[in-house]
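Enquirer: After the sequence you'll find the predicted model.
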Amino acid sequence: MTLRLYNDLTRKKEPFVPIREGEVAFYVCGPTVYDYFHIGNARPFIVFDVLRRYMEHLGYRVTYVQNFTDIDDKMINRAHEMGISVQELAERFISAYREDAEALGVRRPTHSPRATHHIDDIIALIKRLVEKKHAYVVDGDVYFDVQSFPDYGKLSQQSLEDLQSGARVDIDIRKKHPLDFALWKAEKPGEPSWESPWGRGRPGWHIECSAMSTAMLGPTLDIHAGGSDLIFPHHENEIAQAEAATGMPFVRYWIHNGYLMIDQEKMSKSLGNFLTARAARGKYPPLAIRLFMLSAHYRSPINFSEEGLLQAKSAAERLRNCSLELDEALRGKTASGHSPLVEEIAGHRQAFMAQMDDDFNTAGALGSLFETVRAVNGHIKEELLPSRAGLEAARRFLDEAEEVMGVIKAPVADDPDRERIERLIAERDEARKVKDFTRADALRDALASEGIILEDGSQGTRWKREI
RNA sequence: GGCGGCAUAGCCAAGUGGUAAGGCAGAGGACUGCAAAUCCUUCAUCCCCGGUUCGAAUCCGGGUGCCGCCUCCA
């Protein structure tokens, strides 16, 4: 089986073939660090992190680059509002980003370049575009000349005319074409600026991604990903800038995730209908948030709702319970020799991989994972001793799935309250022995209110925390 | 106006020509002091109309409804 990905450039699923065998140059548009990111922004971060993990699992060496936009209009305005420098603002929200991303199980990118650390790369790229007559200078601003790039619109499948006719852009008479966009913006008083061949100024938004991605990954990337709302104009512009400058294809596979909706509307900062990732992870377990994001195909819209998150939470608990159950069974007595469970697990694992290979169908893959759960639970419940080989096969597959999706294990951390909890459980067991169920249930309820769940089994009482 | 997406059980959702995965919730049963967890059983003909086909949720045509991009936006 080979991995196939839907490529927005060709509008087809295509076998994934990297430029350099065994390696993947992968770029994802990162956040503008002027505020906390919301749960809609979190979708690409989580979903593409899983794609990265899956590719690593397949054995690819993935160089995963996700930028921080730390200079633009929003940064400047917010810094003014807050009475701090743009740089301070950036530092603050880069740390916030990292805390939230880590809490959501998103792995650190290989590189996290910041626009302000790559001004030289950006200037060099603009210079090249000016030299090649793909850009022109007006009063210290530099604009990209869209009419000089015949392929403009190839990603969004729109001609210049189409784009222009629906455009809601203010006409700027200094521009040759209304869709020409700023590569460099001349300095304004009170704004951060850098020296350049066109005078002091700062980079436009689109240029940073072209400059940093090619600087770190070479002229042609294997994968460039981001939200669908970036297709036009951001990614279209990135293509124009990079290809006009290098004359080489910029990206082989363009991948875009669907929106996160709320009340049938796209969640977005400007609509004000957002929930920050920070608030969301205070309200719902990260495992549930991840499972929720992976429960639909990455290109479909997904509706954020209380009910949806609670469903995901219950489902995540089922996965976690199975994993705990499996560990316990492995610590106990087991039978040697063959068991059909081994083959059954192998089948589910194969299905899981096939789903992931098919344009990264996480929802389908989760189906196989849950079928594994049922098989394992059923096997453990049987009267006979569970099969060592079967349990081990299951453990290996669950670990593998966990490595890729990160939806099974709750964060472990030794529980600081362990002694106290176990003392209370012992007390409850005493009460149960003498049939003082009122007292036993009161103790159980007290623990439950702290999020501690008790399970009475034939081997005694077990406890676990809510996920 | 241009471009694109979606419509599958109470809810979420996979499936894109061969007779409907999975999850959540519900019902019945097993287990339990009661729960919890778990297991077993049960729960849909795929928005509408027409067509192609031996056969369609899946293809084609026509509707209806919802969403998005064309401005900053993941």
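Expert: That came in fine, so what should we check first? Numbers count the residues shown, from 1 in each chain, chains lettered A, B, ... in the order given.
Enquirer: which residues of chain A score low on pLDDT?
Expert: Along chain A, the parts satisfying pLDDT under 70 run over A:1, A:166-171, A:411-413.
Enquirer: Skip ahead from the longest helix along chain A and say which helix or strand is next.
Expert: Using DSSP state H, we find that the single longest helix of chain A is helix A:306-331. Using DSSP states H and E, the next helix or strand after helix A:306-331 towards the C-terminus is helix A:340-357.
Enquirer: Remind me what that next one packs against, helices and strands.
Expert: helix A:362-381, helix A:388-405 (3 or more C-beta pairs under 8 Å, 6 or more residues apart in numbering; DSSP states H and E). C-beta: built from backbone N, CA, C; applies to glycine.
Enquirer: repeat that for 10 Å
Expert: Packing contacts for helix A:340-357, counted by 3 or more C-beta pairs under 10 Å, 6 or more residues apart in numbering; DSSP states H and E, involve helix A:39-57, helix A:362-381, helix A:388-405.
Enquirer: Looking at those helices, spot the one closest to residue A:305.
Expert: Closest of the helices and strands packed on helix A:340-357 to residue A:305 is helix A:39-57, at 11.4 Å (criterion: C-beta to C-beta).
Enquirer: Report the distance from whichever helix or strand comes after that closest one to the chain centre.
Expert: Of the helices and strands lying after helix A:39-57 in sequence (DSSP H and E), the nearest is strand A:61-66. Distance of strand A:61-66 from its chain centroid, counting by C-alpha atoms, centre = their mean, to the nearest Å, is 13 Å.
Enquirer: what's the angle from strand A:61-66 to helix A:39-57?
Expert: Here the directions of strand A:61-66 and helix A:39-57 differ by 160 degrees (axes from the mean of the first three to the mean of the last three C-alpha atoms, to 10 degrees).
Enquirer: Which residue is the nearest non-sequential neighbour of residue A:118?
Expert: Nearest residue to residue A:118, sequence neighbours excluded (C-beta to C-beta, 6 or more residues apart in numbering): residue A:212, at 5.1 Å.
Enquirer: That neighbour touches residue A:27, doesn't it?
Expert: Yes - between residue A:212 and residue A:27 a contact is recorded at 8.3 Å, counting by C-beta atoms under 10 Å.
Enquirer: shared neighbours of these two, anything?
Expert: Shared contacts of residue A:212 and residue A:27, defined by C-beta atoms under 10 Å, 6 or more residues apart in numbering, are found at A:65, A:67, A:111, A:113.
Enquirer: I'd like to know how far whichever residue of the stretch 1-150 of chain A sits closest to RNA strand B sits from residue A:50.
Expert: Of all residues in the stretch 1-150 of chain A, residue A:40 sits closest to RNA strand B, at 2.8 Å by C-beta to the nearest atom of the strand. Distance, residue A:40 to residue A:50, using C-beta to C-beta, to the nearest Å: 17 Å.
Enquirer: re the thing from before, grab the two from the shared contacts of residue A:212 and residue A:27 that are most spread out in space.
Expert: By the measure C-beta to C-beta, A:67 and A:111 form the most distant pair in the shared contacts of residue A:212 and residue A:27, at 8.7 Å.
Enquirer: Between the two, which has more neighbouring residues?
Expert: Counted by other C-beta atoms under 10 Å, residue A:67 and residue A:111 do not tie: residue A:67 has more neighbours, with 24 against 15.
Enquirer: Counting neighbours, what do you get for residue A:115?
Expert: Here the number of neighbours of residue A:115 (other C-beta under 10 Å) works out to 25.
Enquirer: no no, residue A:263
Expert: 9.
Enquirer: cool, and residue A:196?
Expert: When neighbours are counted by other C-beta under 10 Å, residue A:196 comes out with 20.
Enquirer: likewise residue A:282?
Expert: For residue A:282, the neighbour count with other C-beta under 10 Å is 9.
Enquirer: same check, this time on the one 5 residues further on
Expert: Other residues within reach of residue A:287, judged by other C-beta under 10 Å, total 25.
Enquirer: does it count as helix, strand or coil?
Expert: Classification of residue A:287 using DSSP: H, G, I helix; E, B strand; the rest coil returns helix.
Enquirer: which residues sit in contact with the residue of chain A found nearest RNA strand B?
Expert: Among all residues of chain A, residue A:227 sits closest to RNA strand B, at 1.8 Å; criterion: C-beta to the nearest atom of the strand. By C-beta under 10 Å, 6+ apart, residue A:227 lies in contact with A:28-29, A:40-41, A:43-44, A:234-235, A:256-260, A:266.
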